[in-house]
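Visitor: For reference, the sequence and a predicted model appear below.
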Amino acid sequence: MQTVQIISLIIALVFFGAVIDFIRRGLLKEKYAVLWLASTLAVAVLSVWKGLLDSVASVLGVAYPPSLLFLVAFLFVLFILFHFSVVLSVLTERNKVLTQEITLLKAAFKEKEDAPAGRRGEKGK
C-alpha cells in the first residue's frame, strides 16, 4: 500500500469517527451526516481496494491513481456544499415568511390593545 493510500485511509477513518461522535452528541443531524459518511466510506474503500482505484483511474484517464482519492473527496465536498446551499436558501425563505407573519400578528395585537375600551365591548356584542 502506498503512503498516500495509508494517509487517506487514516484520515477517512478519523473523519468517520468524528462524524459518528458528532451525531452521538447531537451536534450533527443524521440527514446531513449521511453525506459525510458516504464520502468517507468512498475514500476508505478506494484507499484499501487498490485494484478498484487503479481501474477507475484508468477509465477516467487519471495518470496517478491515488490522486483519484482526492478527486472523489473534492467532488463529495462540492456535492455537500451544494446541498447545504439549497437547505440554506429554503431556510432563508422560510425565515422571511415567518418574520412577516410575526410582524402582522404584532400589528394586529397592538391594534386591539390600542382600541378604546368601549369599542372593544361593542365588537364582542
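Guide: That came through, no problem. Residues are numbered from 1 along each chain as shown.
Visitor: dump the residue contacts of residue 53.
Guide: Residues near residue 53 by Cβ atoms under 8 Å, 6 or more residues apart in numbering: 5, 46, 47, 65, 66, 68, 69. Heads up, the C-betas are built off the backbone N, CA and C, glycines and all.
Visitor: Among those residues, find me the one that's closest to residue 18.
Guide: For the contacts of residue 53, the minimum distance to residue 18 (Cβ to Cβ) is 17.0 Å, reached by residue 47.
Visitor: so the closest one sits right up against residue 72, yeah?
Guide: No. Using Cβ atoms under 8 Å, residue 47 makes no contact with residue 72, being 10.0 Å away.
Visitor: Pick out whichever of these two has more residues nearby.
Guide: Using other Cβ atoms under 10 Å as the criterion, residue 47 and residue 72 rank with residue 47 on top: 24 against 19.
Visitor: show me what contacts the more buried one?
Guide: Residue 47 makes contact with 5, 6, 8, 9, 12, 53, 69, according to Cβ under 8 Å, 6+ apart.
Visitor: tell me the mean pLDDT for whichever strand or helix holds the second one?
Guide: In this structure, residue 6 is located in helix 3-24 according to DSSP states H and E. When pLDDT is averaged along helix 3-24, the result is 88.
Visitor: before we move on, back to that, inside helices: which ones of the contacts of residue 53?
Guide: Among those, the members falling in helices (DSSP state H) are 5, 46, 47, 66, 68, 69.
Visitor: Neighbours of the fourth one, how many?
Guide: Neighbouring residues of residue 66 were enumerated by other Cβ under 10 Å; the total is 19.
Visitor: Run the chain-centre distance for the helix or strand where residue 112 lies.
Guide: Per DSSP H and E, residue 112 falls inside helix 66-114. Relative to the chain's own centre, helix 66-114 is displaced by 11 Å; criterion: Cα atoms, centre = their mean, to the nearest Å.
Visitor: tell me the angle it makes with helix 3-24.
Guide: Inter-element angle recorded for helix 66-114 and helix 3-24: 20 degrees (by axes from the mean of the first three to the mean of the last three Cα atoms, to 10 degrees).
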